[in-house]
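Student: sequence? don't have it. structure:
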């Protein structure tokens with residue numbers, strides 16, 4: 001079992017930045033593809049970004065491309081989401097997810113482990 005714990009959320013003004021972190025409890029984290037998803041009130045969960053186990057491949061939702069950057073540090077068992085030029089529509093609970101087998105994916109059902117989430121609120 002792998003536990004994922006997110007941190008770094010908060011309240012920020014539009015145009016500002018935040019960096020989210022997701023710490024994994026196991027060293028085998030380095031073998032997992034990782035992703036960030038988000039869910040706004042009254043909306044379905046949506047894919048944000050994903051990264052391969054090596055960090056060599058990344059994919060993004062069109063809505064965040066050019067503003068968000070996903071990265072990982074396997075020596076620290078941590079994946080990051082740097083969010084710049086934040087907009088009010090980015091307001092959501094952001095959750096990280098880990099996938100034991102396979103490459104980075106946009107599909108939530110492909111991921112085996114999930115964190116509890118961290119709230120990001122962007123004011124206009």
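Tutor: Cool, got the structure. Bear in mind that the values here come from a model prediction, so they are computed numbers and not experimental data. Numbers count the residues shown, from 1 in each chain.

Student: now residue 4, nearest residue through space, not along the chain?
Tutor: residue 115 (3.6 Å; C-beta to C-beta, 6 or more residues apart in numbering). The way it works is simple: take the backbone N, C-alpha and C, and place the C-beta from them, glycine included.

Student: against residue 104, how distant is that neighbour?
Tutor: 17 Å (C-beta to C-beta, to the nearest Å).

Student: what of residue 39?
Tutor: According to C-beta to C-beta, residue 39 and residue 104 sit 19 Å apart.

Student: hmm, the residue nearest to residue 4 is touching residue 81, no?
Tutor: No - contact between residue 115 and residue 81 fails when scored by C-beta atoms under 8 Å: they sit 11.8 Å apart.

Student: find residues that contact each of the two.
Tutor: Residues touching both residue 115 and residue 81 (C-beta atoms under 8 Å, 6 or more residues apart in numbering): 22, 96.

Student: and those two? Which one has more around it.
Tutor: More neighbours surround residue 81 than the other of residue 115 and residue 81, with 27 against 21 (other C-beta atoms under 10 Å).

Student: now do the contacts for that one.
Tutor: Residues near residue 81 by C-beta under 8 Å, 6+ apart: 19, 20, 22, 36, 48, 49, 68, 69, 70, 94, 96.
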